[in-house]
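*Asks:* after the sequence you'll find the predicted model.
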Amino acid sequence: MFELIRANKRRAVILVTVMVILLGVLGYGLGLAFWHRPLAGLAIALVVWSVLALMTWFQGDAMILSASGARRIEKKDHPVLFDVVEEMTIAAGLPKTPEVYILDTEAPNAFATGRSPERAKIAVTAGLLERLNRDELQGVIGHEIGHVANRDVLYMMFATVMLGAIVMLADVGFYTFLFGGGTGGRRTSSSGGGGGQAQAIMMVVTLVLVILAPILAQLLYFALSRRREYLADASSARYTRYPEGLASALQKIASNTIPMPHANRATAGLYIANPLKTSGRGMSDLTSTHPPISARIAVLRAMNADTSYAGYDTAFKQVSGRAVGVVPFGAARDSKPTPARAPSPAGEASSTPASRRRETTNALWSAQGYRFIRCPCGTTLKVPPRFPRNTVTCPNCGRDHVLADAR
Amino acid sequence: MIGLWIVIAIVVLLVLYFIAQYNGLINLRNETKNAWAQIDVQLKRRHDLIPNLIETVKGYMNHERQTLEAVTQARTQAVNVTGGSVAEQAQAENALSKTLRSLFAVSENYPDLKANQNFLALQEELTSTENKISFARQFYNDAVMKLNNKIEMFPSNIVAGMANFKKADSFELEAPAEREAPKVSFSS
């Protein structure tokens, strides 16, 4: 586990370094092209970056959660989900059970956020809870806990910020070229002399940089993101000892055609399945944050005999036909072969789509402040948060319930 | 003179190596202890839940006296060996798991019971506790393996021997076949 974290850290440092250099060069070039003060451009680039980075560090998780419309839920709102999160926390040996959030959308998806394992937060959609049985839910939560345990969340957040800063600067640069070129032009003429040609070359180089930098940064980001998805799948298989659970969950997620609201390019890397693409998920391309779901399922199904990191690596090589696996060498070396467990007995996985739907709806309502009153006649009354009266009458048997007693 | 410095350098390096190995062993031992504490918490939770379960189930399952008694007995046995050796506790807890599983299996024959909210909540709690025990066991056994490897392998075994580190017992199920469960389809 620690080997995996170390390898992840190394890669993150490389990524951040390359992105900082890209950002610096971009700022330098823009400063040179427009104001003849390359250092001023560099300073602006760094200021933009530090403001974004500070915001991410202190408010990143809150921003992502509120932007996606997530609501925090308690154990009593959805016991099964909480139990599964607790189980995976124990399996991963995390110091604290993450906070759990629910998203009111039919699209099945889930993501993790929070800059450290102590501040981890996991959000799942109502659509996911309705579709998956216990074993499948365990696989998905295992994947998200894997992101937390492998320290993916912080790096993805920072990579996102770097990307954001580069895109922002490039956009500013691009529009300056289009419309604001006058400022630069006047300065050029006032500086006068034979610098004209050098100036023109400089402009061209900067323009190329403005166009290329964001593309380069994105490709880098996507490559890293895809690898982390595979690794989180490997972690999930290791925690649950049951790769079929996640494979079957991914299959259900892949068959979904409902788009995920509130997701954008910045947060896409944090979801279990790419929230931006509902079609063409079978295709692998360089501009995707996630590997194709079909490939992920194939790897998981190929590893049934051994659920350790080494087992995932072997399955990955076998499925992809590549010589190099995704699991860092140390992590694969330290793992011993562990056979997969049997699926949960029928009695324990007795949830039906109808019962899951009811549980999910209850969790959503409860998260919105509805109060639940169980009437002795067997009816459950759901009272909205700002109900104007003190008592509510059961429509079935006519009993009056005093609201102060609720919950 | 140079010879002296080389000797000093070697001694310093050896001391540093010793310290690093010793701290590594302490770390692993603490990890093992923490992992065991986690198992302990879950075992205790299960012991506390079972009387509630028996109370809820009693009224519905008059014909399953034997099953209920077996669960109660296994629980008493498990509570009695709490704090004993790892092997002892593992055995008692496995017996308890087995009786609980047969209780849930026969509960399938009682539709009234399956409709009882209280029973369903308890069943989920116990299922999850059972899972947590097995995940905590998994984590504990990994930690034990790391610790024992370090104690046995050269050269860390020298440090372990000098500082008197003891190998830990892993928490094993009796037979792998016990975890085998009927195949369930995902169509539901």
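*Replies:* Arrived safely, thanks for sending.
*Asks:* so for the lengthiest helix in chain A, mean pLDDT?
*Replies:* Looking across chain A with DSSP state H, the single longest helix is helix A:196-240. The average pLDDT within helix A:196-240 is 81.
*Asks:* ok, now stretch B:1-12?
*Replies:* 92.
*Asks:* picking up where we left off before, which other helices and strands contact the longest helix of chain A?
*Replies:* helix A:2-35, helix A:79-92, helix A:134-149, helix A:152-178, helix A:181-191, helix A:243-254, helix A:293-302, helix A:309-320 (3 or more Cβ pairs under 8 Å, 6 or more residues apart in numbering or on different chains; DSSP states H and E). The way it works is simple: take the backbone N, C-alpha and C, and place the C-beta from them, glycine included.
*Asks:* could you single out the most deeply buried of these?
*Replies:* Of the helices and strands packed on helix A:196-240, the one with the most neighbours on average (mean count of other Cβ atoms under 10 Å in any protein chain shown) is helix A:134-149, at a mean of 27.
*Asks:* so what does the helix or strand hosting residue B:92 touch, helix or strand wise?
*Replies:* Using DSSP states H and E, residue B:92 sits within helix B:86-107. On a contact count with 3+ Cβ pairs under 8 Å, 6+ apart, helix B:86-107 meets helix B:2-58, helix B:65-80, helix B:117-152.
*Asks:* any chance of the ones you listed in JSON lines, with distance to chain A too?
*Replies:* Output for the helices and strands packed on helix B:86-107, formatted as JSON lines (distance: least, Cβ to the nearest Cβ, whole Å):
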{"stretch": "helix B:2-58", "distance to chain A": "6"}
{"stretch": "helix B:65-80", "distance to chain A": "14"}
{"stretch": "helix B:117-152", "distance to chain A": "4"}
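*Asks:* would you turn these into TSV with mean neighbour count and distance to residue A:250?
*Replies:* Putting the helices and strands packed on helix B:86-107 into TSV (neighbours: other Cβ atoms under 10 Å in any protein chain shown; distance: least, Cβ to Cβ, whole Å) gives the following:
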stretch	mean neighbour count	distance to residue A:250
helix B:2-58	15	29
helix B:65-80	16	38
helix B:117-152	20	21
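*Asks:* reformat these as a markdown table; add distance to residue A:217.
*Replies:* Formatted as a markdown table, the helices and strands packed on helix B:86-107 follow (distance: least, Cβ to Cβ, whole Å):
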| stretch | distance to residue A:217 |
| --- | --- |
| helix B:2-58 | 38 |
| helix B:65-80 | 57 |
| helix B:117-152 | 38 |
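*Asks:* and residue A:167, which of the ones you listed is closest to it?
*Replies:* helix B:117-152 (41.1 Å; Cβ to Cβ).
*Asks:* if we can go back for a sec, distance from the helix holding residue B:92 to the middle of the chain?
*Replies:* In terms of Cα atoms, centre = their mean, to the nearest Å, the centre of helix B:86-107 is found 13 Å from the chain centre.
*Asks:* taking helix B:65-80 as reference, get the angle to that helix.
*Replies:* In terms of direction (axes from the mean of the first three to the mean of the last three Cα atoms, to 10 degrees), helix B:86-107 departs from helix B:65-80 by 160 degrees.
*Asks:* check contacts around the spatially most central residue of chain B.
*Replies:* The centroid of chain B falls nearest to residue B:137 when counting by Cα atoms, centre = their mean (3.4 Å). Counting by Cβ atoms under 8 Å, 6 or more residues apart in numbering or on different chains, residue B:137 makes contact with B:39, B:171.
*Asks:* hmm, 6 Å instead?
*Replies:* Residues near residue B:137 by Cβ atoms under 6 Å, 6 or more residues apart in numbering or on different chains: residue B:171.
*Asks:* and it, how far from residue B:131?
*Replies:* Relative to residue B:131, residue B:137 is positioned 10 Å away (Cβ to Cβ, to the nearest Å).
*Asks:* can you check residue A:27 too?
*Replies:* 52 Å.
*Asks:* in three-state terms, label residue A:111 for me.
*Replies:* strand (DSSP: H, G, I helix; E, B strand; the rest coil).
*Asks:* shouldn't it be in contact with residue A:273?
*Replies:* No: in this structure residue A:111 lies outside contact range of residue A:273 using Cβ atoms under 6 Å: 9.9 Å.
*Asks:* can you list the weak-confidence ranges in chain B?
*Replies:* B:173-188 (pLDDT under 70).
*Asks:* contacts only, for the closest residue to residue A:49 other than its chain neighbours.
*Replies:* Among residues not flanking residue A:49 along the chain, residue A:165 sits closest, at 4.5 Å (Cβ to Cβ, 6 or more residues apart in numbering or on different chains). Shown in contact with residue A:165 (Cβ under 6 Å, 6+ apart): A:23, A:48, A:49, A:52.
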